[in-house]
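Participant: Kindly generate the corresponding structure for this input.
(one chain, ligands or ions: 1)
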Amino acid sequence: MERLDKFLCDSGAGTRSQVKVLLKAGRVTVDGKVEKDNGRKIDPETQTIALDGEVLGGKRRIVVMLNKPAGFVTATEDAMDRTVMELLPVSLRAMDVKPVGRLDKATEGLLLFTNDGDLLHRLISPKKEVPKVYYARHEGEAAEADVQAFADGLTLRDGTVCRSAKLEPLGPGESLITVCEGKYHQVRRMMASRNMTVTYLERRQEAGLTLGDLSRGSCRELTEEEIRSIDC
Ligand code: URA
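Facilitator: Numbering: from 1, shown residues only. Next up, the predicted model:
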């Protein structure tokens, strides 16, 4: 927490005395409400401070959830393909958000972005074991032996050892897979190691967050409550 007048000065709004005048004139808002008290304590990480309607600092911590469609690569720029950044409105891109981990070009579903570097690292750190739930359509049928092999920790075809994961068969050629790490093409490679080639993949949950009614290709900012609910 810091004083509002100090924050305004540090953001280039003016000197202490100029800032006092701006506040008195009702030109400063905190979370959309006019604030005239220069000694007011604010948290720039979680609150939006604006002067004449223009957001200051640009440092407000945000987390964005995108329902990624197929055909976009998870990168901030790419010479060949369209990137997931192109699916965010300019106002969110201007907040310096970065994708949290990655989804393959063909994979759809929940992809988070944030400008909070600590949170990003916690979410992708293997130590934190953040659960991610995927829906897969695949060749073949998942059997009890596959469920057990996932639970025991699979060894991929290239010898990579995976942590224990959950495979839940939903019906012929359809399964839910929960993993707590993020190796390259992990779900596709895990399924391939059990002779079930994935033909469609969608991430449905991450860190307890779900897509809800967010339509494919759309994004929304998480609320502070949702951000606090992220357990990692
Ligand atoms: N596992 C994959 O194979 N692909 C993804 O995009 C995500 C997890």
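
Participant: residues in the chain within reach of the ligand, list them.
Facilitator: 103, 104, 107, 185, 186, 187, 188, 201 (Cβ under 6 Å from any ligand atom). (C-beta placed from N, C-alpha, C; glycine too.)

Participant: isn't the fourth one right next to residue 103, touching?
Facilitator: No: under the criterion of Cβ atoms under 8 Å, residue 185 makes no contact with residue 103, lying 10.5 Å away.

Participant: More neighbours: those two, which one.
Facilitator: Neighbours were counted for residue 185 and for residue 103 using other Cβ atoms under 10 Å; residue 103 has more, 23 against 14.

Participant: The strand ranked longest in the chain - contacts with which helices or strands?
Facilitator: Longest strand of the chain, by residue count under DSSP state E: strand 198-206. Packing partners of strand 198-206 (3 or more Cβ pairs under 8 Å, 6 or more residues apart in numbering; DSSP states H and E): strand 108-114, strand 132-138, helix 186-193.

Participant: Buried deepest among the ones you listed, which one?
Facilitator: Highest mean neighbour count of those: strand 108-114, a mean of 23 (counted as mean count of other Cβ atoms under 10 Å).

Participant: Direction included, what does it pair against?
Facilitator: Using DSSP bridges, strand 108-114 pairs in its sheet with strand 63-68 (antiparallel), strand 98-99 (antiparallel), strand 198-206 (parallel).

Participant: now, of these, which is deepest in the fold?
Facilitator: Across the strands paired with strand 108-114, averaging neighbours per residue (mean count of other Cβ under 10 Å) puts strand 63-68 on top, at a mean of 23.
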